[in-house]
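**Student:** coords please:
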Amino acid sequence: MLVAVLIAELLFPDAASLKDKRRRLVGLLARIRASYPVSVAEVGGQDLWQRGTVGAALVTTDGRLARSMLDRIAGGIGRDGEVELLSSRVEFFHPEGSETE
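**Tutor:** Numbering: from 1, shown residues only. Predicted coordinates:
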């Protein structure tokens, strides 16, 4: 078992307020949740108008599938023009006592 985590640094270039940023962010998170079996949330930059950090995570036994899914999520960020992906990284964690592959 492993936990795969995507951390994505985002830019909201035209956001004029926190309310505007949150509207765009809510739409992005809803699209991710509707398309992929992951948990996703804003995990940083909550008080910044034009910046934010999103985390997506899943528990799996297939690291290649997890990497592919999280890469597709990162690749889809920004396609709507509401947000830009500044950077992303994927990390894997093997919980203590779980089998590693």
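**Student:** this protein: strands as residue ranges?
**Tutor:** Secondary structure of the chain (DSSP state E): strands at 2-11, 39-44, 51-60, 84-93.
**Student:** pipe those into a markdown table and attach mean neighbour count, distance to Asp71 and mean pLDDT per row.
**Tutor:** All C-beta spots, glycine's among them, are computed from the backbone N, C-alpha and C. Listed next are the strands of the chain as a markdown table, based on neighbours: other C-beta atoms under 10 Å; distance: least, C-beta to C-beta, whole Å; pLDDT from 0 to 100:
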| stretch | mean neighbour count | distance to Asp71 | mean pLDDT |
| --- | --- | --- | --- |
| strand 2-11 | 20 | 8 | 98 |
| strand 39-44 | 15 | 15 | 98 |
| strand 51-60 | 19 | 11 | 97 |
| strand 84-93 | 14 | 7 | 97 |
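**Student:** can you put these in TSV and add distance to Ala74?
**Tutor:** As requested, these are exported to TSV (distance: least, C-beta to C-beta, whole Å):
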stretch	distance to Ala74
strand 2-11	6
strand 39-44	12
strand 51-60	9
strand 84-93	4
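**Student:** so which of those is nearest Ala30?
**Tutor:** strand 39-44 (9.3 Å; C-beta to C-beta).
**Student:** quick check: Ala41 touching Gly52?
**Tutor:** No - Ala41 lies out of contact with Gly52 (C-beta atoms under 8 Å); the separation is 10.7 Å.
**Student:** overlap in contacts, these two.
**Tutor:** Taking C-beta atoms under 8 Å, 6 or more residues apart in numbering as the contact rule, Ala41 and Gly52 touch no residue in common.
**Student:** angle of the longest helix anywhere in the chain against strand 51-60?
**Tutor:** Secondary structure of the chain per DSSP state H: the longest helix is helix 18-35. If you take axes from the mean of the first three to the mean of the last three C-alpha atoms, to 10 degrees, helix 18-35 sits at 20 degrees to strand 51-60.
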